[in-house]
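**Student:** below: sequence and its predicted model.
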Amino acid sequence: MSAVSNEWLLLVWLLMKQRNLQKFTKQAHAMGYTPEKIVRASSSLILWGGAAAAGVLLYAQGVRKVRTDVLESIPFVKDYFRSTHEVPASDNPF
């Protein structure tokens, strides 16, 4: 019985040696994200991030601080968001 198992081990060893098996190397990663995955996902993340930022600015355009500090500093839309009338002191909560 040991002769059969030895022959079997020899056969397996020869087959493994005959094959030109790929040698595995460690791939650089950060928390499981490889550079290839990051490059493939970057275009999608940029588009979704831009859409999210536009949505937040659209939602927050009513806040005076956002309007004066952020939206009026964008060159193409600053005239649209510039206040045309002053708020009376009685309506100003600050």
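**Tutor:** Structure received.
**Student:** all helices for this protein, in order.
**Tutor:** Per DSSP state H, the chain has helices spanning 2-18, 35-59, 64-69, 78-81. These are given in chain order.
**Student:** out of the ones you listed, which is closest to Thr25?
**Tutor:** For Thr25, the closest of those is helix 35-59, at 14.1 Å, according to Cβ to Cβ. Where you see a C-beta, it was placed from the backbone N, CA and C, and this is true even at glycine.
**Student:** how close does Val63 sit to Trp48?
**Tutor:** 23 Å (Cβ to Cβ, to the nearest Å).
**Student:** what's the pLDDT at Ser2?
**Tutor:** Ser2 is assigned a pLDDT of 58 by the prediction.
**Student:** okay, now Val66: neighbour count?
**Tutor:** 16 (other Cβ atoms under 10 Å).
**Student:** kindly report the same for the one 10 residues further on.
**Tutor:** Here the count is done by other Cβ under 10 Å, and Phe76 has 6 residues near it.
**Student:** that one and Gln27, how far apart?
**Tutor:** 44 Å.
**Student:** now the helices of the chain as JSON lines including distance to Val87?
**Tutor:** Rendered in JSON lines, the data for the helices of the chain read as follows (distance: least, Cβ to Cβ, whole Å):
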{"stretch": "helix 2-18", "distance to Val87": "81"}
{"stretch": "helix 35-59", "distance to Val87": "21"}
{"stretch": "helix 64-69", "distance to Val87": "9"}
{"stretch": "helix 78-81", "distance to Val87": "15"}
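**Student:** Ser90 is nearest to which of the ones you listed?
**Tutor:** Across the helices of the chain, closest to Ser90 is helix 64-69 (Cβ to Cβ), at 16.4 Å.
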